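**Q** need the 3D shape of this:
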Amino acid sequence: MKQSEDIVIIGAGPAGAHCAFELAKQGIESTILDGSHPREKPCGGGISPLIVEKFPFVNKFRSGSGTFEKFRVISPSGQTIETNLKNGFITSRRYFDEGILNMAVEKGAKLIKEKVIDVQRKQEIWEVKTSERLLTARILVGADGVNSITRRRTIGPMSRENLMLTYGYMAKGPEKDHAVMKILADVPGVAWVFPTENNSSIGIASELSYGSVLKRLLDDFIRLYCPPIKIVSKYAAMVPSARNPEFFAPPCAGENWALLGDAAGHADPISGGGILYALLDGQLAAEAIRKKDLKLYDRRWREEYGGILIQRSEMRKAFYDPLVIELAFALDAFKLRL
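**A** This next block holds a predicted model:
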C-alpha cells in the first residue's frame with residue numbers, strides 16, 4: 001500500500017503527540033506513525049510544577065495520579081532533605097502519553113499503529129516505510145526516541161556515551177505519602193520510588209557501562225526504602241544524557257525535517273527527565289511548521305532552553321561526585337530540578 005501525506009510524525013510519545021495536537025488546533029493535518037505507544041515506561045512519571053505552569057492542560061491527568069508535594073532526597077551517605085514541590089503530581093506514563101495522543105486524534109490528527117522500519121530522503125520528499133505500507137511526506141518529524149531512525153538519516157545516531165540506561169518496576173506496596181530519590185554511591189546515577197494511586201514507579205538510572213549492576217543496586221534500594229513490594233511488571237529503556245555541551249551543536253531541524261524530544265537528545269542531562277522538553281519541542285515545532293520555516297524550531301529551542309541543557313551537561317560530573325553532593329547536603333545548598 002502506498003499513500004501520500006503532507007506531514008508525517010514518527011513517534012506517538014509526548015513530543016510527537018503534542019506536536020500533532022498543536023498542529024491540529026491550527027487546522028493543519030498530520031499523520032502519526034507508531035506501533036507501540038502508548039506504553040508504560042521505566043520513568044518516574046513526575047509532572048513538575050514547571051510543566052503544570054507551562055502546560056495547564058496536564059491538570060486533566062491528575063485523576064488517578066499521586067502527589068509529590070513532599071519529596072525526599074537522599075545523599076550517597078544517607079543524609080536526607082525534604083522539599084515541597086507544590087502543584088506537581090506523579091502519573092502513569094501509559095495514562096499520560098495516551099491522554100495526549102487522544103487529544104491529538106480527537107482534534108484531527110491521524111494515527112497509524114504501525115512500526116516504521118525505514119526512512120529515505122528522495123530529493124525534496126521523504127519515503128517512510130512501515131510493516132504494512134509506504135508513505136511519502138513533504139515534512140518529516142522524528143519523535144521516535146533515542147534510537148530514532150529519523151536522526152540516523154539526518155544528523156547521525158546518538159553515541160553510547162550520551163545515553164543513560166533506566167531499569168525499573170511498576171509495583172504495589174510502597175509508601176503513598178511522598179516520593180523518594182536516592183543519589184547512588186556506587187555508580188553515577190539515581191534510584192527512585194514515585195507512588196501513584198494504584199501502584200508505584202520504582203526505578204534506577206545510570207550510564208550504560210554500569211548496566212550489569214543496576215538490578216542489584218535497585219533491589220538494594222528497595223530493601224532499604226520501600227519494602228515490601230509486589231512487582232507488577234519490569235521495564236528497561238535508554239534515555240539521552242548529554243555528557244558534553246558539544247552534544248547539542250548539531251542541528252535539530254532542516255528544510256523539511258525536525259527532531260523532537262529524546263530523538264533530539266532533549267532530556268535533562270542529570271536526571272534524564274524529558275517530559276518538559278518533549279512538550280516544549282512539540283509546541284515549537286508545530287509553530288515552525290505553521291510558519292513554513294522548520295529551521296525556526298532549531299533557533300527557538302536553543303534560545304528558550306538550550307542554555308539550560310548545556311548548563312546541566314556541564315554540571316553533570318559534579319552532581320554525581322559524592323564529595324560534592326555530601327558537602328551540598330551539609331551546607332543545605334542542594335537544589336533539585338525535575
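
**Q** C-alpha only now, for contacts and for neighbours.
**A** Will do.

**Q** excluding chain neighbours, give the residue nearest to Gln120 in space.
**A** Distances taken as CA to CA, 6 or more residues apart in numbering put Glu127 closest to Gln120, at 5.2 Å, once the chain neighbours are dropped.

**Q** and that neighbour, what helix or strand is that in?
**A** strand 125-130 (DSSP states H and E).

**Q** pull up the pairing partners for that strand, direction included.
**A** strand 116-122 (antiparallel), strand 134-142 (antiparallel) (DSSP bridges).

**Q** who touches the first one?
**A** If I follow you right, that is strand 116-122. Outside strand 116-122, the residues that touch it by CA atoms under 8 Å, 6 or more residues apart in numbering are 10, 33-35, 126-131, 149-150, 153.

**Q** ditto for the last one
**A** Here strand 134-142 makes contact (CA under 8 Å, 6+ apart) with 1-11, 16, 124-129, 148-151, 256-260, 263.

**Q** next one: stretch 164-175
**A** 42-43, 193, 195, 198-208, 211, 214-215, 218, 226-241, 272.

**Q** give me that answer again for 7 Å
**A** Residues from elsewhere that reach stretch 164-175, judged by CA atoms under 7 Å, 6 or more residues apart in numbering: 42, 195, 199-208, 211, 226-241.

**Q** pull out the buried positions in it.
**A** Within stretch 164-175, the residues scored as buried using 16 or more other CA atoms under 10 Å are Met164, Leu165, Thr166, Tyr167, Gly168, Tyr169, Met170, Ala171, Lys172, Pro174, Glu175.

**Q** closest to Asp97 out of the strands paired with strand 125-130?
**A** strand 134-142 (16.6 Å; CA to CA).

**Q** list the helices and strands the following helix or strand past the closest one packs on?
**A** Downstream of strand 134-142, the next assigned helix or strand under DSSP H and E is helix 149-154. Applying 3 or more CA pairs under 7 Å, 6 or more residues apart in numbering; DSSP states H and E, we find helix 149-154 packed against no helix or strand.

**Q** list the buried residues in stretch 265-284.
**A** 265-284.

**Q** quick check: end-to-end length of it?
**A** 16 Å (CA to CA, to the nearest Å).

**Q** which parts of stretch 134-149 are buried?
**A** Within stretch 134-149, the residues that qualify as buried are 134-137, 139-146, 148-149, counting by 16+ other CA under 10 Å.

**Q** ugh, wrong one, stretch 237-246
**A** Met238, Val239, Pro240, Ser241, Ala242, Arg243, Asn244, Pro245.

**Q** out of the residues you listed, who's nearest Pro157?
**A** Distance to Pro157, by CA to CA, is smallest for Pro240 among those, at 11.6 Å.
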